[in-house]
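J.: please work out how this folds:
(chains A and B)
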Amino acid sequence: MNKKFLIPLGLFAALVVFLALGLTRDPREIPSPLVGKPAPEFRLPTLTSDKPFSPSDMKGKVWLFNVWATWCVACREEHPLLVEFSKQSRIPVVGLSYKEVQAQDQPNGPLNDADKLQLARERSLRFLQRQGDPYMLSVLDLNGSVGIDYGVYGVPETYLIDRQGVIRYKRVGPLTPQILQDTLLPLIQTLEAS
Amino acid sequence: MKWMLLCWMLMAPWVRAADALPMAEDPQVEARLVVIAEELRCLVCQNESLASSNAELAEDLRREVRKLIRDNKSDTEIKTYLVERYGDFVLYRPQVKPLTWPLWFGPFFMLLLAIWGLWRYLRLRKNALAMQHASPTDSFDTAAHKD
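T.: A predicted model of the protein is given here:
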């Protein structure tokens, strides 16, 4: 019997498999070019102090860098998990408060930098007091320029940075218990061991 | 009252459009910005270009690109700046490199494959027809000729 009629069927099946695979992937997940590269340097004031913090202060430590804001709904979703993580894990979590003061907070024209800083601090600290504070400290990126250096495009984002200051992992979107268990914790263990 | 409401609703698009207008401080910078930003993807609203997007991140990135233009950076340098941070995904026109070869040359390869397939098919058919003419016993053609 001539099986030639099976060829288009086979091609169609292959197409369906490719399309099905495509549907399971999240278009928001874009591989970051920063993984494997040194974490970009910056100097920013923190929530509690004007003394600037810089990633090089963390040399020799494995640490998490978590981008968040009080206006970010997905961050609230993620927050309890981070609080839990910070209680159980030895590794420090540094927060990056990303553009805390938004356009809608400035209905009468842009605030000056000092007012912005104060508003961001007040609101963030109040939030952390109520919801728990997983952060060793949080730096304030008011105009989002450090965010650009880190390729931030959807808060929350989380970076795992090793002892040498190299980014080892990046997650866009809220962390989940599953990601924590399956990816992050094993990676932290290997990085700490090395 | 209804008419007023309708008027307002009809005006809404223009009100929004006014929001998105770039701050045209320096027309030359703006002109270059538009050319570059047309080629770049906004990451928040993935099917819009950086030039047309209203997203806040797009605004910030345009500000950054403006700064780079004022620093006299070349188009390639500006694109590299963004690719280093956001990956190849920001480019609407992917670079030609081994990873993107299938993307760039795949269609031409498929075309060649199709041409080869067609050529082969035609040759087989020609042979088959020639064979039929050579052996008239079991052919419809010759049956028709006999009538």
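J.: quick check, stretch B:111-118 touching chain A?
T.: No: Stretch B:111-118 stays clear of chain A (C-beta under 8 Å from any C-beta of the partner chain), getting no nearer than 11.1 Å. Using the backbone N, CA and C atoms, a C-beta is placed for each residue, glycine as well.
J.: quick check, distance from that stretch to the centre of its chain.
T.: What separates the centre of stretch B:111-118 from the centre of its chain is 25 Å, taken as C-alpha atoms, centre = their mean, to the nearest Å.
J.: got the contact list for it?
T.: Where contact means C-beta atoms under 8 Å, 6 or more residues apart in numbering or on different chains, no residue beyond stretch B:111-118 reaches it.
J.: how about the contacts made by B:S53?
T.: B:C42, B:V44, B:C45.
J.: in three-state terms, label it for me.
T.: coil (DSSP: H, G, I helix; E, B strand; the rest coil).
J.: now swap in A:I91 and tell me
T.: Going by three-state DSSP: A:I91 is coil.
J.: over to B:R125?
T.: Under three-state DSSP, B:R125 comes out as helix.
J.: how about A:S97?
T.: Applying three-state DSSP: A:S97 is strand.
J.: give me the beta-bridge partners of it?
T.: A:W68, A:L140 (DSSP bridges).
J.: mind saving the C-alpha coords of stretch A:117-133 as CSV?
T.: Extracted as CSV, the C-alpha positions of stretch A:117-133 are listed here (Å, rounded to 0.1, in the frame of the first residue of the first chain):
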residue,chain,number,x,y,z
LEU,A,117,12.4,60.5,49.0
GLN,A,118,10.4,61.3,52.1
LEU,A,119,7.1,60.0,50.6
ALA,A,120,8.8,56.8,49.4
ARG,A,121,10.4,56.2,52.7
GLU,A,122,7.2,56.8,54.7
ARG,A,123,5.0,54.6,52.5
SER,A,124,7.5,51.8,52.2
LEU,A,125,8.3,51.6,55.9
ARG,A,126,4.6,51.6,56.8
PHE,A,127,4.0,48.8,54.3
LEU,A,128,6.9,46.7,55.8
GLN,A,129,5.7,47.4,59.3
ARG,A,130,2.3,46.0,58.5
GLN,A,131,3.3,43.1,56.2
GLY,A,132,6.6,42.1,57.7
ASP,A,133,10.1,43.1,56.6
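J.: contact partners of stretch A:117-126?
T.: With C-beta under 8 Å, 6+ apart as the criterion, stretch A:117-126 contacts A:P45, A:L47, A:T48, A:T70, A:S97, A:E100, A:V101, A:D105, A:L111, A:S138, A:L140, A:L142.
J.: just the buried residues of those residues.
T.: Taking 16 or more other C-beta atoms under 10 Å in any protein chain shown as the criterion, what is buried in the contacts of stretch A:117-126 is A:P45, A:L47, A:T70, A:S97, A:E100, A:V101, A:L111, A:S138, A:L140, A:L142.
J.: returning to what we had before: mind putting the contacts of stretch A:117-126 into CSV with pLDDT and secondary structure?
T.: CSV is the format used below for the contacts of stretch A:117-126 (pLDDT from 0 to 100; DSSP: H, G, I helix; E, B strand; the rest coil):
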residue, pLDDT, secondary structure
A:P45, 93, coil
A:L47, 92, coil
A:T48, 91, coil
A:T70, 93, coil
A:S97, 94, strand
A:E100, 91, coil
A:V101, 89, coil
A:D105, 85, helix
A:L111, 84, coil
A:S138, 93, strand
A:L140, 94, strand
A:L142, 91, coil
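J.: which members of the contacts of B:S53 additionally contact chain A?
T.: B:V44.
J.: for chain A, state which of the contacts of B:S53 is nearest.
T.: B:V44 (6.0 Å; C-beta to the nearest C-beta).
J.: all strands for chain A, in order.
T.: A:63-68, A:93-98, A:137-141, A:157-161, A:167-172 (DSSP state E).
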